[in-house]
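>>> Let me see the structure of the following:
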Amino acid sequence: MRICILVSCLVPALAFAQARSVDWPVYGGNSDHTHYSAIDQITPANVSKLQVAWTYVTHDEFPGSEMQANPIVVDGVL
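This next block holds a predicted model:
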């Protein structure tokens, strides 16, 4: 299993979140798990330009496995 981080998307989004105090305090973004953020730097027009910045191999993969992560942001801290 590989964990990939899209730093080109993550770093600007975090800077924007800190500037506007946009929190993502629980899994799914809010208590309703809407997966919505007011951050608008990633758009359909530029999403194809994102690149994988690094990967981490966990060595626990198996056929059909997948890893999903949802970072938590509170008071601008990831």
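>>> Distance from the chain centre to stretch 49-58, please.
Computed by Cα atoms, centre = their mean, to the nearest Å, the chain-centroid distance of stretch 49-58 equals 12 Å.
>>> quick one: low-confidence parts of this structure?
For the chain, applying pLDDT under 70 flags the ranges 1-21.
>>> Helices of this protein, residue ranges please.
7-20 (DSSP state H).
>>> Need the outlier residue of it, farthest from its centre.
Relative to the centre of the chain, and counting by Cα atoms, centre = their mean, the farthest-placed residue is P63 at 24.5 Å.
>>> Next one: that residue from T55, what distance?
19 Å (Cβ to Cβ, to the nearest Å). Where you see a C-beta, it was placed from the backbone N, CA and C, and this is true even at glycine.
>>> And S37, by the same measure?
Taken as Cβ to Cβ, the span from S37 to T55 is 24 Å.
>>> So for those two, which residue has more residues nearby?
S37 (16 against 10; other Cβ atoms under 10 Å).
>>> pretty sure that one is in contact with N30, am I right?
No - S37 is beyond contact range of N30, at 9.7 Å (criterion: Cβ atoms under 8 Å).
>>> what sits against the residue farthest from the centre of the chain?
Applying Cβ atoms under 8 Å, 6 or more residues apart in numbering to P63 gives no contacts.
>>> ok, now H35?
G28, G29.
>>> and it, backbone torsions?
When quoted as degrees, to the nearest 10, the phi and psi of H35 stand at phi 60, psi 40.
>>> That one and D75: what is the separation?
For H35, the distance to D75 - Cβ to Cβ - is 21 Å.
>>> do the same with A69
Distance of A69 to D75, computed by Cβ to Cβ: 20 Å.
>>> how many other residues sit next to the closest residue in space to A38 that isn't next to it in sequence?
Excluding its sequence neighbours, the residue lying closest to A38 (Cβ to Cβ, 6 or more residues apart in numbering) is V22, at 5.6 Å. V22: 16 surrounding residues under other Cβ under 10 Å.
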